[in-house]
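# fold the stuff below for me.
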Amino acid sequence: MFIADVLANFATNVNYDEIPRPVVSRAKHLMLDAIGVAFASGKYEFATAALNGIRPLGTGDSDVIGFTDRLALRDAVLINGILVHGLDYDDTYLPGSMHLTASNVPTAIAVAAHTRATGRDLVAACVVGLEVAARLAGAAKGGFQRTGFHATGVCAAFSCALVAGRLLGLTSAQVTMAQGIALSTASGSMQPLRDGSWTKRMHPGWAGSAGITAASMAKGGYLAPQAAYEGHFGFYPMYLGSEAPNAELGIVTNGLGKVWELLRTSIKLFPAGHLSHAFMKATISLVREHRITPDAVESVQVLIGKGAIPLICEPVEIKRRPTSSYMAQFSLQYAVACCIARGTFGLAELEPDAFNDAAIIGLAQKVGYEVDPDSGFPKSRTGEVIIKLKDGREVRRRETIHPDEPDSDQEIVAKFMGNARLVMPEARAAAIRDSVLGVEAQNDIRDFSRSLAHV
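The predicted model follows:
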C-alpha cells in the first residue's frame, strides 16, 4: 500500500468512541487554544488587511472567528487560518516544527458547520488532521525548514484533505485521490522570516482551503497520483531535495491509531517563534535571579543551533532593528532585549512603542550569537544565554524545551481566557470555553460555529 492509502484508511475508519479519552481531551484543548489566539488576532492590522482583501470576492455562509463576516467556505478557512497563526502564538509540534491547529482546526470547524455535522464528528475529524499533520512533518526531521519550506503550509494541505474528506463523506479510495490532488497545491516559503513580511501568516489557511478543494475534487471523481508522498516526484523527494535521504517515512504510518503524536504538541506561552522560547526563558530567569537592569549589561551572547540562525538571527541588522510586529516575533536579538528590559515577552512587546523603544533597540545591538555545538534542534529547542555585566561578572543559563513536556490543560485554559478577554467580556469568554471543551455534545456544529463569530 502507498502511504496515502494507509492515511486514507485511517481517516475514514477512525471511530470517535475508539479514540482514547486523553486524545479527545487534548484535541479539544488544542482547539480552544487556537480559537483564543484567533480572537486576539482580530484587533491587529494584518487581520483587517486580510479581510479587506477577501471581502470583495463574495459572501457565503461560513463564519469568521470574532467577526460578523460570513464568507464562502474556503475563504472563511483562509481568514481563520490567518487569525490562528497570525500572532505566531499557536501550538507547535516540536519534532516537526509544525503548527498543528492553524490549518486543521479552521478546516474542521468550517466543513463540519457546512455539512451540519455533530460535535463528535468534529472532534474525530480534528483528531485525524492533528495526528496526520504531526506525522507528516515529523518524518522530515527538520528538512522542510532547511530547504526553505514552511512545514505547516506544505504538510497541512494533505492533513486538511483528510479532514475535509472525512467530513464530506468520501470513500477511502477518494481520500487517497484527495492526497494526490493536494500534492499539486502544497506551498509555503520561509522567506517572510527574513524580511518580516506577512505571507507566512496565510500559509495555514491556504493549506486548509487547498485541502477542501482537493477533497471536493476527489469526491467528484478527479484522478490524481497515488504515490503522493514517496513517488519519484512525490512530496518528500521534491520538497526535501538534498534533505530527502534524511527523512524517515515510516514515522508517517508506524503505530498510526495506536501511538498518538498529537499528545506531544506544545502550547506557546510566548507570542513568537518557538525557536526563541528557550532563550527567553533563560534570559528572564537570569534577570530575576541576578536582578539585572538594562544599564548594567555590557554584552550578551547566545548559543544557538546552526539550523535556527537563518530564521531568527539573520539578517543581523534587520533582526536588531525590527520595524514591524512580525519582524519582532522572529528576532532573537529583540526577544532577548525585551526580556532584559521588561522581564517578559508578550503581546505588548509586539506593539510599535516596544519595537521603537530606544532602550530595547540599544540592548538588541549588544546581542551576538554563535553556533551551539550541543544544540538539540530540531528534536528539542535549546537556548543558552551568556550575559556579561559592566561590573565584570558573567552569568549564563541554558534552557531546553522538550517535545514530551506539553503544557497543562490549566495553562491552556488560562491562556485562552487571557486572549479572549482582550476582545470580549469574561462571561462570554467563559461560555465559549465551556462550549469548546464540551463540543462533543453539540448536535449541529453550525450553531457552535456561529457562537464564535462577532465579538
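
# ok now do residue 242, which residues does it touch?
residue 147 (C-beta atoms under 8 Å, 6 or more residues apart in numbering). Heads up, the C-betas are built off the backbone N, CA and C, glycines and all.

# quick check: closest non-adjacent residue to the residue positioned nearest the centre of the chain.
By C-alpha atoms, centre = their mean, the mean C-alpha position of the chain lies nearest to residue 99, the distance being 2.5 Å. What sits nearest to residue 99 in space, not counting adjacent residues and going by C-beta to C-beta, 6 or more residues apart in numbering, is residue 152, at 4.4 Å.

# what about the residue nearest to the centre of the chain, distance to residue 188?
When C-beta to C-beta, to the nearest Å is applied, the distance between residue 99 and residue 188 equals 11 Å.

# find the residues that touch each one of these two.
With C-beta under 8 Å, 6+ apart applied, the overlap between the contact sets of residue 99 and residue 188 consists of residue 152.

# for residue 201, see how far away residue 330 is.
For residue 330, the distance to residue 201 (C-beta to C-beta) stands at 12 Å.

# and the nearest residue to residue 401 once chain neighbours are set aside, what's its pLDDT?
Computed as C-beta to C-beta, 6+ apart, the closest residue to residue 401 that is not its neighbour in sequence is residue 381, at 4.2 Å. At residue 381, the pLDDT value in this model is 80.

# could you do residue 326 as well?
85.

# what helix or strand is it located in?
Taking DSSP states H and E as the definition, residue 326 sits inside helix 325-329.

# touching that helix from outside, list them.
Defining contact as C-beta under 8 Å, 6+ apart, one finds that helix 325-329 is touched by 44, 46, 87-88, 192, 195-198, 200-201, 271-273, 318-319, 322, 334-335, 349-352, 354-355.

# the strand or helix carrying the residue nearest to residue 99 packs against which elements?
Under the assignment given by DSSP H and E, the secondary-structure element containing residue 152 is helix 151-167. Contacts of helix 151-167 with other secondary structure elements, assessed using 3 or more C-beta pairs under 8 Å, 6 or more residues apart in numbering; DSSP states H and E, are made with helix 3-13, helix 101-114, helix 119-138, helix 143-147, helix 172-182, helix 203-219, helix 235-240.

# now the strands for the stretch 251-400 of the chain?
Shown for the stretch 251-400 of the chain, the strands assigned by DSSP state E, counting those that start in this stretch span residues 297-304, 367-371, 381-389, 394-401.

# so how far is residue 325 from residue 343?
Separation of residue 343 from residue 325 (C-beta to C-beta): 20 Å.

# which of those two has more neighbours?
Summary of the neighbour comparison: residue 343 and residue 325, criterion other C-beta atoms under 10 Å, with residue 325 having more neighbours (23 against 12).

# mind giving me the domain ranges of the chain?
Domain ranges of the chain: 3-267+407-451, 274-401, per automatic domain parsing.

# for residue 33, list the residues it contacts.
Applying C-beta under 8 Å, 6+ apart, we find residue 33 in contact with 90-91, 101, 267, 412, 415-416.

# now, which of those sits nearest residue 138?
Residue 138 has its nearest neighbour among those in residue 91, at 14.3 Å by C-beta to C-beta.

# quick one: that closest one and residue 32 touch, right?
No: under the criterion of C-beta atoms under 8 Å, residue 91 lies out of contact with residue 32, with a separation of 10.7 Å.

# any idea how far the residue nearest to residue 401 is from residue 216?
Separation of residue 381 from residue 216 (C-beta to C-beta): 38 Å.

# more neighbours, those two?
Neighbours were tallied for residue 381 and for residue 216 using other C-beta under 10 Å; the higher tally belongs to residue 381 (27 against 20).

# low-confidence regions, this protein specifically.
Within the chain, the stretches falling below the threshold (pLDDT under 70) are 378-379, 403-406, 455.

# on the three-state scheme, residue 407 is what?
Following DSSP: H, G, I helix; E, B strand; the rest coil, we place residue 407 in the coil state.

# which ones are touching the closest residue to it other than its chain neighbours?
Leaving aside its sequence neighbours, residue 407 sits nearest to residue 267 (C-beta to C-beta, 6+ apart; 4.2 Å). By C-beta under 8 Å, 6+ apart, the contact set of residue 267 is 30, 33, 91, 406-407, 411-412, 415.

# can you pull the phi/psi pair for residue 267?
Note on residue 267: its backbone torsions stand at phi -100, psi 130 [degrees, to the nearest 10].

# that one and residue 220: what is the separation?
Distance from residue 267 to residue 220, counting by C-beta to C-beta: 38 Å.

# same question for residue 96.
As judged by C-beta to C-beta, residue 96 and residue 220 stand 31 Å apart.

# neighbour count winner among those two?
Neighbour count, other C-beta under 10 Å: between residue 96 and residue 220, residue 96 has more, with 29 against 9.

# my read is that that one contacts residue 134, right?
Yes: in this structure, residue 96 is within contact of residue 134 by C-beta under 8 Å, at 6.1 Å.

# how far away is residue 215 from residue 411?
Here residue 215 is placed at a distance of 34 Å from residue 411 (C-beta to C-beta).

# so which of the two has more stuff around it?
For residue 215 versus residue 411, neighbours defined as other C-beta under 10 Å are more numerous around residue 215 (30 against 14).

# check contacts around residue 313.
Residue 313 makes contact with 304, 319, 332-333, 369 under the criterion C-beta under 8 Å, 6+ apart.

# drop anything exposed from those.
The neighbour-count criterion (16 or more other C-beta atoms under 10 Å) marks 304, 319, 332-333, 369 among these as buried.

# max pairwise distance over these: which two?
304 and 319 (12.0 Å).

# quick one: common contacting residues for those two?
Overlap between the neighbourhoods of residue 304 and residue 319 consists of 312-313, 332, taking contacts as C-beta under 8 Å, 6+ apart.
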